[in-house]
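Colleague: Next come a sequence and a model predicted from it.
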Amino acid sequence: MAEAVPVRVFVADDEDDIRALVSLAVAKAGCTVTGAVADGSAALATARADLPDLVVLDVSMPGATGLEVCAALRADPATAGVRILLLSAGASPDDVARGLAAGADAYLAKPFGIAGLVRQVQALVARQPA
Amino acid sequence: MTTATEAGVRAPRPLPRSRRLLGAGPSSGSALESTVPTTGMFAAAAVLIAGGWIPVVDGELVLAGMTTAVLAVLVARLIPRPSLTRDGTSVVPLAHLAAVVLLAAGTGSPAVLFLLLGPALALSAAPGRRGVLLATLGTAAALLSPGLLSSAVPTTAALPGALLLGPLAVGLGGLAVNGTVRALGRRAREVQALREEKAALLAQVQTRADELDLATRMLAARAQTMTSVIDAVTEQSIIGTDRDGVIRVWNPGAEKMLGLPRAEVVRKRSIVEFHLPEELRAEAERCGSGPGLAALVHAAQEHGSDVRDWTCVAADGRPRTVSVAVTPRTDDRGAHAGWNFVGTDMTEARATERMKDQFVSLISHELRTPLTSILGYLELVLEDGQPLTEEQRRYLTTVERNADRLLRLVGDLLFTAQVDAGRFTLEPHDVDLAGVVRAAEETARVAATTAGVDLVVDVPEDGLVVPGDAVRLGQACDNLVSNAVKFTPAGGTVTLSLRSAWAAADGTVSAEHRPGTSPVAQLAVSDTGIGIPAGEQGRLFTRFFRASTAQRAAVPGVGLGLAITKAITTAHGGTLDLVSAEGAGTTFALTLPRATA
């Protein structure tokens, strides 16, 4: 019986602690972290190069914001189908609406619990790519 | 100021002198005054008799006649005139008439008959016709007396003619005099009435003039007061315009705020010139009014007044954020005359508010990121099945509890910033408020037990549904219940009581359904705690306000819970009221519109 191909997840957050925490949660969700960067521009370049199944993006990042990266991925046919989870300290309905309008599949406001993040990642992974 | 007397008002004049001299009618003069001519004639007759020019036939009668005349004069001199009249006829002329009769009898001379003139005129001049009759009869008596009273006087052939003509002449003459005097009297009374009417009118005119003068001075004083008050306002602009927006009033506050002196503005500029054209255009489009002034006064025209921020442009081009109260102005007849604009420069205040909100928002966001790390790693340690000593687990639980507390504070700060910025939205559904209250009680149960506070819940068994946002209503209930527990000393009680009720338009709530009431749900959270001083209750829902009793008792908190609860209640169309007495406890009543079945 062939082994299931692990889901490849890429993480981008300018906070080292958060980046490491998200990577741990992604691993707990049974996924493989293909990379983790702290810069928006680097995140876009890496995502385009690696074509992961899921990208976890912080909204506030140097280089390019998570919203800009999200929009750019959606605009590129090669990455348009990648699943995107946005993380942000902005918790207002307006913030959530902006994130979803940029093309994100889900939006998680900080602070989030590990269990909640794991459930969110699993739910996105289970979803068929667009 | 002239007086009524100076203006020509005089006391009524007495009767004409002619009538007084004839002895007619009541008068303030003495009787002697009117008998002067007659007295003179009697004196002349006495001289003629004494000188022998008039013969004396019967000395006793002459003496009696003269005595009667003298007595009449003395009586007239000594006794007030009114006492000498009877039925309007003076007694004195009658006495004189009797004296003439006696003299005529005593002398037999027709010359004394001229003495009849005085008393006959006096009697004829008296009111009524009785005096004329008495004068006529007296004349006849005087003509007849020589023959009747004195045998020494021979009867002449001319006597019958004299007897007829004399009284006739006196009677007719008397009637003429009487008529003339009466006509004069009427005229005098008419003149008197006119004079009195004139005096009354003049008095009225004078009274009106005095009232007008007083009113004018009062108006001038009031205008002066208003002007001085308006001129004393230097930190607020007070601008009055006509109906077309042309400025008519411009106080020192307006000079200071907008940088132009009164002389350069009044009647020369429009209020619209001090507003941003694009802002007025946007408002005109928003409310569907005309451009310019119409956009500025549209809301005040519709609602009677309007207060809002406008961007005003000062003379140097600086934009100022001004809170402007617009009201219509009326003239003295109540007709629309223009507009009043009272402005307060809020430029610095609004900038400070924006900075404060941005600061709160920024800090809140920045706190959420480290909190994510703290809570996330704690969760990993506590729930990842790693072996921990009991002491380590207690320490980490303490860290987690305080991180949660910090998280709630950050949430509250962000929420109040959203409320202030008008970005607060609800996700309304049908919410069972009874379940929300039970959940709040459950949340507060641990803290209440720890604090030794008894928690009593009284909610309808079958629930109570209201339209609302379950999360926000839960937050409001949690705030009220946790507050009540926090402010109640050990041994006290907190009671949560939920009921369906009916609210009247004036806000009163009762259990009975009456016409005009609407269905509501009311949650009362009562405690037996430290209470809130009466003077502070009005500010209790202000952000960051903490009651002095809470500070004295060192109850932890930052003063956001009630502000948030109030905002949530208001957003649901409800009300939040309190009743509190220092040292006795507090009851908060949260009333929400209820869906009718």
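Modeller: Great, that's in hand.

Colleague: ok, now which ones touch the residue nearest the centre of chain A?
Modeller: With distances taken as CA atoms, centre = their mean, A:V56 lies nearest the centre of chain A, 1.3 Å away. When contacts are counted by CB atoms under 8 Å, 6 or more residues apart in numbering or on different chains, A:V56 touches A:9-13, A:22, A:26, A:85, A:87, A:121. Bear in mind the C-beta positions are built from the backbone N, C-alpha and C, glycine included.

Colleague: now B:V555
Modeller: Counting by CB under 8 Å, 6+ apart, B:V555 makes contact with B:486-487.

Colleague: For it, which three-state class applies?
Modeller: For B:V555, the secondary structure call by DSSP: H, G, I helix; E, B strand; the rest coil comes out as coil.

Colleague: Show me which residues of the stretch 251-400 of chain B sit near chain A.
Modeller: When proximity is defined by CB under 8 Å from any CB of the partner chain, the stretch 251-400 of chain B lies next to chain A at B:364-366, B:368-377, B:379-380, B:383.

Colleague: Let me see the mean pLDDT of stretch B:355-362.
Modeller: Mean per-residue pLDDT for stretch B:355-362: 76.

Colleague: Show me the contact partners of that stretch.
Modeller: For stretch B:355-362, the surrounding residues in contact (CB under 8 Å, 6+ apart) are B:413-414, B:416-417, B:420-421.

Colleague: of all these, which comes closest to chain A?
Modeller: Closest approach to chain A among the contacts of stretch B:355-362 (CB to the nearest CB): B:L414, at 6.6 Å.

Colleague: residues in contact with the residue lying closest to that closest one once chain neighbours are set aside?
Modeller: With sequence-adjacent residues excluded and distances taken as CB to CB, 6 or more residues apart in numbering or on different chains, B:L414 is closest to B:S364, at 4.4 Å. When contacts are counted by CB under 8 Å, 6+ apart, B:S364 touches A:89, B:410, B:413-414, B:417.

Colleague: Would you verify that A:A80 is located in a helix?
Modeller: No: A:A80 sits outside any helix when classified using three-state DSSP, being coil.

Colleague: what number of residues lie near it?
Modeller: 12 (other CB atoms under 10 Å in any protein chain shown).

Colleague: Buried subset of the contacts of stretch B:355-362 as a PyMOL selection?
Modeller: What follows is the PyMOL syntax for the buried subset of the contacts of stretch B:355-362, where burial is set by 16 or more other CB atoms under 10 Å in any protein chain shown:
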select buried, chain B and resi 413+414+416+417+420
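
Colleague: And stretch B:99-119, what's buried?
Modeller: For stretch B:99-119, the buried set under the neighbour-count rule, 16+ other CB under 10 Å, comprises B:99-110, B:112-113, B:115-119.

Colleague: could you dump it to CSV, C-alpha only?
Modeller: Output for stretch B:99-119, consisting of C-alpha atoms alone and laid out as CSV, is shown next (Å, rounded to 0.1, in the frame of the first residue of the first chain):
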residue,chain,number,x,y,z
ALA,B,99,-87.6,144.6,50.9
VAL,B,100,-88.6,146.2,47.6
VAL,B,101,-92.2,145.4,48.2
LEU,B,102,-91.9,147.2,51.6
LEU,B,103,-90.0,150.1,50.2
ALA,B,104,-92.6,150.5,47.3
ALA,B,105,-95.3,150.5,49.9
GLY,B,106,-93.4,152.9,52.1
THR,B,107,-92.5,155.4,49.4
GLY,B,108,-95.2,155.0,46.8
SER,B,109,-92.5,155.9,44.3
PRO,B,110,-92.1,154.0,41.1
ALA,B,111,-88.3,154.7,41.3
VAL,B,112,-87.8,152.0,43.9
LEU,B,113,-89.3,149.5,41.5
PHE,B,114,-85.9,149.5,39.8
LEU,B,115,-84.6,147.8,42.8
LEU,B,116,-86.5,144.7,41.5
LEU,B,117,-83.9,144.2,38.9
GLY,B,118,-81.3,142.6,41.1
PRO,B,119,-83.5,140.0,42.9
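
Colleague: what's the average pLDDT for that stretch?
Modeller: Looking at stretch B:99-119 alone, the average pLDDT works out to 85.

Colleague: Quick check: pLDDT value at the residue in the stretch 51-200 of chain B that chain A sits nearest to.
Modeller: Proximity to chain A, evaluated over the stretch 51-200 of chain B using CB to the nearest CB, is greatest for B:A200 at 82.8 Å. We have a pLDDT of 94 for B:A200.

Colleague: On the three-state scheme, it is what?
Modeller: Using three-state DSSP, the three-state assignment for B:A200 comes out as helix.

Colleague: what does B:I530 give?
Modeller: In terms of secondary structure, B:I530 is coil; the call rests on three-state DSSP.

Colleague: residue ranges for the helices of the stretch 1-150 of chain B, please.
Modeller: The residue ranges that make up the helices of the stretch 1-150 of chain B, judged by DSSP state H, counting those that start in this stretch, are B:17-22, B:31-34, B:36-50, B:59-78, B:91-107, B:117-125, B:130-149.

Colleague: now these in a markdown table, with distance to chain A?
Modeller: Shown next, in a markdown table, are the helices of the stretch 1-150 of chain B (distance: least, CB to the nearest CB, whole Å):
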| stretch | distance to chain A |
| --- | --- |
| helix B:17-22 | 108 |
| helix B:31-34 | 113 |
| helix B:36-50 | 119 |
| helix B:59-78 | 118 |
| helix B:91-107 | 119 |
| helix B:117-125 | 114 |
| helix B:130-149 | 116 |
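
Colleague: Which of those comes out lowest on mean pLDDT?
Modeller: Comparing mean pLDDT across the helices of the stretch 1-150 of chain B, the lowest value falls on helix B:17-22: a mean of 46.

Colleague: was I right about B:T549 contacting B:A584?
Modeller: No: if you go by CB atoms under 8 Å, B:T549 and B:A584 don't touch, sitting 11.4 Å apart.

Colleague: more neighbours, the two?
Modeller: A side-by-side neighbour count of B:T549 and B:A584, using other CB under 10 Å, places B:T549 first with 19 against 12.

Colleague: Phi first, then psi, for that one.
Modeller: phi -70, psi -40 (degrees, to the nearest 10).

Colleague: Alpha carbons of stretch B:400-410, as CSV, please.
Modeller: The C-alpha atoms that make up stretch B:400-410 are tabulated as CSV, following Å, rounded to 0.1, in the frame of the first residue of the first chain:
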residue,chain,number,x,y,z
GLU,B,400,-1.9,31.3,31.5
ARG,B,401,-4.6,33.0,33.8
ASN,B,402,-2.8,36.3,33.7
ALA,B,403,-2.2,36.1,30.0
ASP,B,404,-5.9,35.5,29.5
ARG,B,405,-6.6,38.5,31.7
LEU,B,406,-4.2,40.6,29.5
LEU,B,407,-6.0,39.2,26.4
ARG,B,408,-9.4,40.4,27.7
LEU,B,409,-8.0,43.8,28.4
VAL,B,410,-6.6,44.0,24.9
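
Colleague: Touching that stretch from outside, list them.
Modeller: With CB under 8 Å, 6+ apart, stretch B:400-410 has contacts from A:111, B:364, B:367-368, B:371, B:374-375, B:378, B:382, B:558, B:560.

Colleague: So which of those wins on neighbours?
Modeller: Among those, where neighbours are counted by other CB under 10 Å, the top count belongs to A:P111, at 25 neighbours.

Colleague: Residues in contact with whatever helix or strand A:R119 lives in: which ones?
Modeller: When elements are defined using DSSP states H and E, A:R119 is found to belong to helix A:114-126. Counting by CB under 8 Å, 6+ apart, the neighbours of helix A:114-126 from elsewhere in the structure are A:7, A:9, A:21-22, A:24-26, A:28-31, A:53-54, A:56, A:83, A:85, A:105-106, A:108, B:376, B:379-380, B:383.

Colleague: quick one on the thing from earlier: now the common contact residues for B:T549 and B:A584.
Modeller: Taking CB under 8 Å, 6+ apart as the criterion, B:T549 and B:A584 both touch B:G531.

Colleague: The stretch 351-500 of chain B: helices as residue ranges?
Modeller: All helices of the stretch 351-500 of chain B, identified by DSSP H, counting those that start in this stretch, fall at B:390-420, B:433-451, B:470-486.
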